[in-house]
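Visitor: With the sequence up front, the predicted model follows.
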Amino acid sequence: MADTGLVETLLRRVEKVDGGLDSQDVATSLGVDHQAIVGAVKSLQALGDVISAEQRSSKHWELTGEGCEIAEQGSHEARVVISIPEEGMPQSQLMKLAFGKVGFSKAMSNKWIRLDKGHEGGPRIFKTVEHLEDLVRDKLLLVQKGQASQLEEKEKNELKKRKLLSEVTVKSYWITKGSCFSTTITKQETELTPEMIASGSWKEKKFKPYNFEAMGVAPDCGHLHPLLKVRTQFRQIFLEMGFTEMPTNNFIESSFWNFDSLFQPQQHPARDQHDTFFLSDPAQAHEFPQDYLERVRKVHSEGGFGSQGYKYDWKIEEAQKNILRTHTTAVSARMLYKLAQQEKFTPVKYFSIDRVFRNETLDATHLAEFHQIEGVVADYGLTLGDLMGILHQFFNKLGITKLRFKPAYNPYTEPSMEVFSYHEGLKKWVEVGNSGMFRPEMLLPMGLPEGVTVIAWGLSLERPTMIKYGINNIRELVGHKVNLQMVYDSPVCRLDS
Amino acid sequence: MPTVSVKRDLLFHALGRTYTDEEFDELCFEFGLELDEITSEKDIISREQGDTKAEGASDVILYKIDVPANRYDLLCLEGLVRGLQVFKQKMEAPRYRRVSPASSEPQRLVITEETTVVRPHAVAAVLRNITFTQERYDSFIELQEKLHQNVCRKRTLVAIGTHDLDTISGPFTYTAKPPGDIRFKPLNQAKEYTAQELMILYKTDSHLRHYLHIIEDEAVYPVIYDSNGIVLSMPPIINGDHSKISLNTKNVFIECTATDLTKAKIVLDMMVTMFCEYCEEPFTVEEAEVVYPDGRTCQYPELAYRKETLSADFINRKVGISESTEHIAQLLTKMCLRSEVMSDGEQIEVEIPPTRSDVIHACDIMEDAAMAYGFNNIPRTTPRTYTVANQLPLNKLSELLRQDLAAAGFTEALTFALCSQEDIADKLLKNISETRACHISNPKTAEFQVARTTLLSGLLKTVAANRKMPLPLRLFEISDVVLKDETKDVGARNNRRLCAVYYNKSPGFEVIHGLMDRVMQLLEVKPGQGNGYHIQAADDSTFFPGRCAEIFARGKSIGRLGVLHPDVINRFELTMPCSALDIDIEPFL
């Protein structure tokens, strides 16, 4: 709050005039700094409509520090002439004077002095005029008296170039009475205080209005990672649909559970060094359920369970090789095998969302590890129509309503279907997941009853997240090169909106 | 998924009508194919090598079609057209017949003992009086390449050789010899080479060098001779130049050598069934006799038709439809599986042709019925399976802790489970041998040498990548590390850990300590010895001496906290002090 006395003085002045006042004039007449008046105007403005103040600006010329010196003592060149006695002066002595250098060259060009270079005892300067007209000083004096308008623009600019004059913009307020004009003011409070609440004094007080245009103070908080926010939502969807979470906390898997148990032949390209990470330590898995392993060997190499088999020489050494699992379906296989060992079959719905690993070529949308989302339902008499129905319900919860299915191939599901959804933005069908019924060659050797069908589907967590948060490069989302600002700024995740 | 490239106009001509791109795309979708790209040779060259190189290249429209990996019968124009025409009921699936030569003995291929150690199997057949055109010839060569890349597993399982039968004379001998003893003029070369010289010659061949490893280290190389000692081929590398086929070739001798006999038979069946329609007597294939070292003989190609019997009810129940037996038989026939309703009106006898090696179980037949019915015509139903959902306790705990760590002002990071040895050892001033790390045998780069044994290095790398962000940085991650564990069937297990770092101008040990106290509070463990938690000074090379403590909860060591060693800070290219917390959360389940 500006000085109350000044504020009231200002108000009384405004009261007395018709029309209005210029803040500069007020400052001059009161003999106070203009900034003090500006402060008073601002604090009055904050009180509401007591006064109205319109900002104005005007330009005028002022002498610079050097200009003032000249106005007082004469131009450098004039002072040079005055300081030279009749018998002249050595140049070196002149140069020692404060105005010597500038004055010397100006006086030379005005032909007020001459230089005798050949003089004995060094170069010497003599004056050539007795009387001179110091025009520069005269002009500056005019400006100082406030009569700058008598000078031509060209003259003013020349003096400005010599840094003797400067053009100053003066901001001032044109002050008039406001609709709530009064010469007495009440001090405004900035904030409500406990004392005011206790005493009830807030009832009489006026409060300074808030600036609602400003941003608030950012809360000091932590943030969850956007990919994992999406994971939480997918988990939620599965739980809402009655699915139980599978224990997928085993990144290292044997080829047996990752491939062989899924009826994926040992020569399958996915089992190639180029696609899968193999382990050198621990290189091999041990302890397989022996009778089950034997049934797996048989169904691959000879067939059985209604199948022709692949008719090749199945090798235990291949099955023992440890890898980083290429899909969470390896865990589904373990879970289904476990289910088959129950005394009596009970229907199950399983899900998992966890990391899988591929030794692939990396690009903007592919990393060597990503999260796979998987859902599995096992029951008697499930149909392909059931699989499509459940996919429809699942994707509905993601806000995806238009689905269609394309026949596809997958070694462990038959039928296999790629799931496409209609993308309104791209105006085309895009693949959103894979699905199918597990093959009998996978289920029957486990010991599941003949009539049990297992339907399953999978998709990646990264792709829907990148679409959801508009991220083009997967490295900005996953891994240490993440942009933390993006993490800080990411909104909550509602997949269906 | 293999991609087959066919000339659009040629395809439409063979299909007997034209389609718009959208119509054809739709047809593909229904049939389980994908019209991947519409392009031309000119487009491809200009994209790969620039516009100037593409000058004068053909601008005939090509359809690139993705084919399911097990449908070898759709890998060429001939097969695609046959499949689609039968599907659209424009033609009946042809019947492929093996015939004996009209006036002579069948061609014979004699396998010698020596092949056993290197590539023991071989099959053969003859396409008699075939008429090639440029397009048919190109397709014939292309199919061999597609088969080599797919079912033949880059020639490791099977290699195909095709020869102009009129330039050679049987019986043929399939044997194996030391590389120095094999000498012939290979395909498209001007002079003779020994097998040894060939292996050197092809080291720089962009195409063939990929196959050399298959036999390179063997003592003997496979080779096929005719009765005059002319080399037909040195499988799986190269054919001889002498017997190469041309547009004028009338009679083709096809041999497939293999390490997997089942696949060899499939490949031979594919080659002959796809191209026997161009023989004087279409869809017939002349047999060849293969004589084994033990004297056994076999006639090839097998061209076996197999019968399966299944009920309409089985298909209706699995698909979720209720169609008549007759209709289902019709649907299957559309998929090249000729089907007949049996006398009881319920069973269907399905004939699986030699082209459909993918059909190995009744479920494959069921899928074809569903495809012919149209996946998108099947009513979508809700299974009545009643189950109660359960969360995995470990994940439930992790989810709850994540929320509260964020509420405590820490931001969640998500770092890679794979990293370099350096990340988990040298950079943390540890020896790799003390980390219990699992090692990857075939990483393409150092980033994938090991599975992480700690979350700390990932968090420090995250800090390093975000040095421009305002301080302090408070980060955490709750995720799995992988440790060797003899007690597990695979010799390793995951371990769920909680790791947090505080990075600022001052180390902030009290901040990370406070976070640890908060975590314990959340886990309902009170400060104190015995059943509570406490920390005690510990030595750990990752931490600054005297600034590290071990955390004990309920009498068990669960992790460490402290101020990181300045050398660790430097090695992660950081500049500020940093304190860290790293605990195992599994004891709190």
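Guide: Happy to help now that I have it. Numbers count the residues shown, from 1 in each chain, chains lettered A, B, ... in the order given.
Visitor: Check which helix or strand residue 333 maps to.
Guide: Unless you meant another one, I'm taking chain A. Applying DSSP states H and E as the criterion places A:Ala333 in helix A:329-340.
Visitor: I was after chain B.
Guide: Going by DSSP H and E, B:Thr333 is in helix B:325-334.
Visitor: pLDDT (mean, whole number) over the following helix or strand past that helix?
Guide: Downstream of helix B:325-334, the next assigned helix or strand under DSSP H and E is strand B:339-341. Here strand B:339-341 scores 95 as its mean pLDDT.
Visitor: can you check stretch B:58-73 too?
Guide: On average, stretch B:58-73 scores 91.
Visitor: end-to-end on it?
Guide: Using CA to CA, to the nearest Å, one end of stretch B:58-73 lies 27 Å from the other.
Visitor: Enumerate the positions of it that are buried.
Guide: B:61-63, B:65-73 (16 or more other CB atoms under 10 Å in any protein chain shown). Bear in mind the C-beta positions are built from the backbone N, C-alpha and C, glycine included.
Visitor: Stretch A:489-497 now?
Guide: Those would be A:490, A:493, A:495, for stretch A:489-497 by 16+ other CB under 10 Å.
Visitor: Nearest to chain B among those residues?
Guide: The closest of those to chain B turns out to be A:Ser490 (CB to the nearest CB; 10.7 Å).
Visitor: dump the residue contacts of that closest one.
Guide: A:223, A:226, A:229, A:469 (CB atoms under 8 Å, 6 or more residues apart in numbering or on different chains).
Visitor: So which of those residues belong to helices?
Guide: Applying DSSP state H to the contacts of A:Ser490, the entries found in helices are A:226, A:229, A:469.
Visitor: ok, the second one touching A:Val487?
Guide: Spelled out, it's A:Lys229. No. Using CB atoms under 8 Å, A:Lys229 is not in contact with A:Val487; the gap is 9.9 Å.
Visitor: pLDDT below threshold where in chain A?
Guide: Within chain A, the ranges that satisfy pLDDT under 70 run A:1-3, A:186.
Visitor: Please repeat the previous calculation with a cut-off of 50.
Guide: Residues of chain A that meet the criterion pLDDT under 50 lie in A:1.
Visitor: Which strand or helix spans the nearest residue to A:Lys229 once chain neighbours are set aside?
Guide: Once flanking residues are discounted, A:Lys229 sits nearest to A:Cys493: 4.2 Å by CB to CB, 6 or more residues apart in numbering or on different chains. Counting by DSSP H and E, no helix or strand carries A:Cys493.
Visitor: elements contacting the lowest-mean-pLDDT helix or strand in chain B?
Guide: Every helix and strand of chain B was ranked by mean pLDDT, DSSP states H and E. The lowest is helix B:51-54, at a mean of 78. With contacts taken as 3 or more CB pairs under 8 Å, 6 or more residues apart in numbering or on different chains; DSSP states H and E, helix B:51-54 sits against helix B:41-49.
Visitor: what about the residue in the stretch 51-200 of chain A that chain B sits nearest to, how many neighbours?
Guide: Closest to chain B within the stretch 51-200 of chain A is A:Glu191: 26.7 Å, counting by CB to the nearest CB. By the measure other CB atoms under 10 Å in any protein chain shown, the count of residues near A:Glu191 is 8.
Visitor: Doesn't it lie inside a helix?
Guide: No. Using DSSP: H, G, I helix; E, B strand; the rest coil, the assignment for A:Glu191 is coil, not a helix.
Visitor: Report the contact partners of it.
Guide: Contacts of A:Glu191 by CB under 8 Å, 6+ apart are A:Phe207.
Visitor: next one: B:Leu475
Guide: Counting by CB under 8 Å, 6+ apart, B:Leu475 touches B:410-413, B:459, B:462-463, B:500-501, B:503.
Visitor: at 10 Å instead, please
Guide: A:222, A:482, A:484, A:487, B:405, B:410-413, B:415, B:455, B:458-460, B:462-463, B:466, B:499-503, B:580 (CB atoms under 10 Å, 6 or more residues apart in numbering or on different chains).
Visitor: ok, of these, which come out buried?
Guide: For the contacts of B:Leu475, a burial check counting by 16+ other CB under 10 Å picks out A:222, A:482, A:484, A:487, B:405, B:410-413, B:415, B:455, B:458-460, B:462-463, B:466, B:499-503, B:580.
Visitor: how close does B:Val99 get to A:Ala283?
Guide: As judged by CB to CB, to the nearest Å, B:Val99 and A:Ala283 stand 52 Å apart.
Visitor: Make sure B:Arg98 is actually in contact with B:Thr284.
Guide: Yes. Here B:Arg98 reaches B:Thr284: they are 7.6 Å apart, a contact under CB atoms under 10 Å.
Visitor: Now the common contact residues for the two.
Guide: With CB under 10 Å, 6+ apart as the test, B:Arg98 and B:Thr284 both reach B:272, B:276, B:303.
Visitor: quick one: contacts for B:Phe31?
Guide: Contacts for B:Phe31 (CB under 10 Å, 6+ apart) come out as A:406-407, B:65, B:68, B:71, B:74, B:80, B:83-84, B:87-88, B:335, B:371-372.
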